[in-house]
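> Quick one, fold the following:
(one chain, ligands or ions: 2)
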Amino acid sequence: MSGKSKGDKCKPTEYTKMKNTLLDLQNRRYIAQSKDKTIDEKMAFKKLLVDEMFNYFDSDNNGLVDTNELSQVIKRDELGKDLSDCSLFDLLKYDDYNSDKHLALEEFYRAFPDNSQPL
Ligand SMILES: [Ca+2]
Ligand SMILES: [Ca+2]
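Ligands and ions are numbered 1, 2, ... in the order given. Below is the predicted model of the structure:
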């Protein structure tokens, strides 16, 4: 109900940067939790990170991330200011392929494709 739509300023390049930031955050969380994992697992690593990030976002575990849950993540991780002109809500703008206002895991995979450059 803020009235202002921040997403209009979010350019694709900024959006990509934001997503890299998110992966980076998740990566750090993951590394903090599992110090004994080896680098050899890199192949599966990004997909794993996306899985973990999805679970992190989907706080009620219903398999969908909604705007409410995005708000919670923004609060929890204080993402409000770091992400320049983009916000997590832009995930719904760019990567909600079926336009149901929710992000499914499959849409997360598309948002963070496995074949992009390593972290
Ligand atoms: Ca959910
Ligand atoms: Ca969707």
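> Give me the contact list for the helix or strand of the chain with the lowest mean pLDDT.
Comparing every helix and strand of the chain by mean pLDDT, DSSP states H and E singles out helix 42-57 as the least confident one, with a mean of 85. Applying C-beta atoms under 8 Å, 6 or more residues apart in numbering, the contact partners of helix 42-57 are 22-23, 26-27, 29-30, 41, 61, 65, 69-70, 73, 103, 105, 108-109, 112, 114, 116, 118-119. The way it works is simple: take the backbone N, C-alpha and C, and place the C-beta from them, glycine included.
> Next step: those restricted to strands.
Secondary structure defined by DSSP state E assigns Val65, Leu103 of those to strands.
> do the least confident helix or strand of the chain and ligand 2 meet?
No - under the criterion of C-beta under 5 Å from the ion, ligand 2 is not reached by helix 42-57; the shortest gap measures 12.5 Å.
> pull the CA atoms of that helix into PDB?
Taking Å, rounded to 0.1, in the frame of the first residue of the first chain, the C-alpha atoms of helix 42-57 are listed here in PDB:
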ATOM      1  CA  LYS A  42      30.300 -26.900  -8.000                       C
ATOM      2  CA  MET A  43      28.400 -28.600 -10.800                       C
ATOM      3  CA  ALA A  44      25.300 -29.100  -8.700                       C
ATOM      4  CA  PHE A  45      26.100 -26.100  -6.600                       C
ATOM      5  CA  LYS A  46      24.100 -23.400  -8.300                       C
ATOM      6  CA  LYS A  47      21.000 -25.500  -8.600                       C
ATOM      7  CA  LEU A  48      21.400 -26.400  -5.000                       C
ATOM      8  CA  LEU A  49      21.700 -22.700  -4.000                       C
ATOM      9  CA  VAL A  50      18.600 -21.900  -5.900                       C
ATOM     10  CA  ASP A  51      16.800 -24.700  -4.100                       C
ATOM     11  CA  GLU A  52      18.000 -23.400  -0.800                       C
ATOM     12  CA  MET A  53      17.100 -19.900  -1.600                       C
ATOM     13  CA  PHE A  54      13.700 -21.000  -2.600                       C
ATOM     14  CA  ASN A  55      13.200 -22.800   0.700                       C
ATOM     15  CA  TYR A  56      14.500 -19.700   2.500                       C
ATOM     16  CA  PHE A  57      12.000 -17.500   0.700                       C
END
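> Brilliant, that's me finished.
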